[in-house]
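> Sequence below, structure please.
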Amino acid sequence: MSVYLVRHGQTDWNKAYVIQGRVDIPLNEEGIRQAKELAAKMKEENIHIDLIFVSPLTRARQTADILNEVLHAPILVDERIIEEYYGTFEGVSRKNEDYLKQHDNFVKRYPNGESYLDVCYRVYSFLNDIKKNYRDKNVLMVCHGGMSRLVRSYFEDEMENRDFLDNLVFNCDLKKYEFKDRHIPLSQPARELK
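Model (predicted):
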């Protein structure tokens, strides 16, 4: 079983280097072209997908629909892989100094938005469910740049904070991950104090 991740195709806001977050922006012509190119590549490489999970935002759904013209897999919308909510920074340049200061902080929530930890909770929950319920399937996630960081951190043990922040999947890039069989105890069993 493999988990594939695709970031949606380009939008006008990607091109302008503006924070999109939950703002529902459609693909532009370049984004449509990117998705069609990726669909052709996946067909050429004979990548088999059993199930597609997609963010509810238009740009991700458009990308999934284009890919599915060659994949022919059921598509399920899952709210847990919607882009991070950047609150008051949505619609702001990614070069904004206040945004850049906030960007490096995993715990602090964006004003009226989410923190990386908030998003991590929902994305890890999604991936745990995929591992539990679709172990024998090849699954494609069609989602967002922010999700790509968190998905990579789920699968890679040796990721440093800077690697996390610097990691970004480009529009319509395809990444492949495999689940590892490992058990991480959450805590030690209770013991009696003497």
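> what helices or strands is the lengthiest helix in the chain leaning on?
Using DSSP state H, we find that the single longest helix of the chain is helix 116-133. Using 3 or more C-beta pairs under 8 Å, 6 or more residues apart in numbering; DSSP states H and E as the contact criterion, the elements in contact with helix 116-133 are helix 145-155. In short, each C-beta sits where N, CA and C put it, glycine included.
> one more time with 10 Å
Helices and strands in packing contact with helix 116-133 are listed as strand 3-7, strand 51-54, strand 139-143, helix 145-155; criterion 3 or more C-beta pairs under 10 Å, 6 or more residues apart in numbering; DSSP states H and E.
> Geometrically speaking, which residue is the centre of this protein?
Among the residues of the chain, residue 147 comes closest to the average C-alpha position under C-alpha atoms, centre = their mean, at 2.6 Å.
> got a list of what that one touches?
Under the criterion of C-beta atoms under 10 Å, 6 or more residues apart in numbering, the contact list for residue 147 reads 5, 7, 55, 60, 80-84, 119, 122-123, 126, 141, 169.
> pLDDT score for it?
Taken from the predicted model, the pLDDT recorded for residue 147 is 88.
> just residue 116 next, same as before
pLDDT, residue 116: 88.
> hmm, back to that, quick one, which of the contacts of residue 147 are buried?
Among these, the ones that count as buried by 16 or more other C-beta atoms under 10 Å are 5, 7, 55, 60, 80-84, 119, 122-123, 126, 141, 169.
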